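# take a look and give me a structure for this.
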Amino acid sequence: MQLDNLILLAAPTARSQAYLQVLVASNLLPREVIFLGEEVLSETQEESKYDVWNEIFIPDLNESIPQTCERLNIPITFCNTNSVNSPEAINALKKASSKIIVYSGFGGQIVSEEVLSIGSDFLHMHSGWLPEYRGSTTLYYALLDGEPPAVTALILDKTIDTGPIVARKKYPIPSSNMDLDRVYDSAIRADLLVDVVKEFVKEGVLPYVTEQDSSVGSNYYVVHPVLKHLAILSLRDK
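Just a heads-up that it's a prediction; the model follows:
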């Protein structure tokens, strides 16, 4: 089923691959994919074979975004830029004119007010339980705190991870042999995405939106390699 009011803003990343593939597997095809940057051939990942872990879909990271689009005849627009805020990307988004834009651009970018004002809702899957875990690499901070990893679906606004919350979900602790960044993190984000999109298809609107309390929670920055290593080591006891 093609979704006329939903497009995917993608980049050559494992997260974007997971998003598109889980939507395809659920028969929820975006009307169009807007692809930022250049296609990058994925390295072989033995555990990424359209498998399932704890009822969570694991994408095939050997299949690129353009390959998935070609296989399913999904229209794709290539933007020769890495920035969602570039004129080329903004023009593509305006031309697409979609009610919902699933945001999966390059990490670390802040979406400009010009982009946010084009008239679409930018749906973002944040790998952390908001508002408690805002910012970057919060998956690792949750593990260090002994908390289960989580994903929050939110509508982007002009500041980082402060927009209205659409849905939240906690996930099982990853296996010690999983690639946390490319496989696990991408898969749990994609899992909540498909739940939200199914609700959107059923009701015609996004699920109930909860405004965030800016006084609650903490802002986290890119985790230090030593702390990241400690978080990974903690999985061996699970």
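
# list the residues that contact Val52.
Ile58 (Cβ atoms under 8 Å, 6 or more residues apart in numbering). Placement of C-beta: from N, CA and C, glycine included.

# which strand or helix spans it?
strand 51-53 (DSSP states H and E).

# any regions of this protein where pLDDT drops low?
Along the chain, the model assigns pLDDT under 70 to residues 40-50, 237-238.

# so which residues of it form helices?
14-25, 65-72, 87-96, 113-116, 138-144, 185-203, 225-234 (DSSP state H).

# closest to Thr159 out of those helices?
helix 113-116 (10.5 Å; Cβ to Cβ).

# which secondary structure elements does that closest one contact?
Packing partners of helix 113-116 (3 or more Cβ pairs under 8 Å, 6 or more residues apart in numbering; DSSP states H and E): helix 87-96.

# give me the distance from the helix it packs on to the chain's centre.
Centroid separation for helix 87-96 versus its chain: 20 Å, with Cα atoms, centre = their mean, to the nearest Å.

# how about stretch 169-184?
On Cα atoms, centre = their mean, the centre of stretch 169-184 falls 14 Å from the chain's centre.

# which other residues reach that stretch?
Residues contacting stretch 169-184 (Cβ under 8 Å, 6+ apart): 14, 45, 47-48, 53-54, 56, 58-59, 61, 129, 139-140, 143, 148-151, 188, 191-192, 195, 232, 235-236, 238.

# that one: end-to-end distance?
14 Å (Cα to Cα, to the nearest Å).

# give the buried residues for it.
Lys169, Tyr171, Ile173, Pro174, Met178, Asp179, Leu180, Arg182, Val183, Tyr184 (16 or more other Cβ atoms under 10 Å).

# now do the phi/psi pair for the third one.
If I follow you right, that is Ile173. Note on Ile173: its backbone torsions stand at phi -60, psi 140 [degrees, to the nearest 10].

# kindly report the same for the fifth one.
Note on Met178: its backbone torsions stand at phi -90, psi 150 [degrees, to the nearest 10].

# how near is it to Ser136?
From Met178 across to Ser136, the span is 20 Å (Cβ to Cβ, to the nearest Å).

# likewise for the third one?
Going from Ile173 to Ser136 by Cβ to Cβ gives 20 Å.

# which among the contacts of stretch 169-184 end up buried?
Buried among the contacts of stretch 169-184 by 16+ other Cβ under 10 Å: 14, 45, 48, 53, 56, 58-59, 61, 129, 139-140, 143, 149-151, 188, 191-192, 195.

# not counting residues beside it along the chain, what's closest to Pro207?
The spatial neighbour of Pro207 that comes closest, neighbours along the chain excluded (Cβ to Cβ, 6 or more residues apart in numbering), is Glu199 at 4.8 Å.

# ah, wrong one, I meant Ser104
In space, Ser104 is closest to Ser16, 4.4 Å off (Cβ to Cβ, 6+ apart).

# from Asp51, how far off is the one you found?
As judged by Cβ to Cβ, Ser16 and Asp51 stand 19 Å apart.
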